[in-house]
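*Asks:* this one's sequence-less:
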């Protein structure tokens, strides 16, 4: 992400005065299940998808499904932010989408199992209402239907 002093005046003012959403209604539920028996999913805002899937476009509020058994070599990004530096994930996708690290945790019996599917949204949203009201709850319902206990959120 660029430093504020590297942006044009218009971009800088847009970033400084961009409204920050606050959520005071989400319920807090303490974690009680043992992680070693939990099913874990991965959700990212890195704009990732499988090769051949529809790329993300600017302001795209949809998500892409990435099967948890996919190879990291088959996952690419089409994030559209000016502040998105892809260098790190080109070297190691696990920086933004730690698929391999989760598999290692299953192998070490730190976590019980992985969900069938992972999800990626595109960050840099000017208007996140559709994600909040529609596509986010859709992904959450699917994760719930797959009996996922824990979601590892990776904001990018």
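*Replies:* Now that the structure is in, tell me what you want to look at. Bear in mind that the values here come from a model prediction, so they are computed numbers and not experimental data. Numbering: from 1, shown residues only.
*Asks:* rest of the way, CA atoms for contacts and neighbours
*Replies:* Will do.
*Asks:* Neighbours of residue 61, how many?
*Replies:* When counting by other CA atoms under 10 Å, one arrives at 20 neighbours for residue 61.
*Asks:* Same question for the one 4 residues further on.
*Replies:* Residue neighbour count, defined by other CA under 10 Å, stands at 17 for residue 65.
*Asks:* helices or strands up against the helix or strand where residue 40 lies?
*Replies:* Using DSSP states H and E, the element containing residue 40 is strand 39-44. When contacts are defined as 3 or more CA pairs under 8 Å, 6 or more residues apart in numbering; DSSP states H and E, strand 39-44 sits against strand 113-114, strand 117-121, strand 150-154.
*Asks:* Among those strands, which comes closest to residue 32?
*Replies:* Judged by CA to CA, the one of these that comes nearest to residue 32 is strand 150-154, at 11.0 Å.
*Asks:* Let me see the mean pLDDT of the closest one.
*Replies:* Taken as a whole, strand 150-154 has an average pLDDT of 93.
*Asks:* Beyond the strand holding residue 40, next helix or strand please.
*Replies:* According to DSSP H and E, the helix or strand after strand 39-44 is strand 48-50.
*Asks:* got the angle for the helix or strand that that next one is followed by vs strand 39-44?
*Replies:* Counting by DSSP H and E, the next helix or strand C-terminal to strand 48-50 is strand 63-67. Relative orientation of strand 63-67 versus strand 39-44 (axes from the mean of the first three to the mean of the last three CA atoms, to 10 degrees): 140 degrees.
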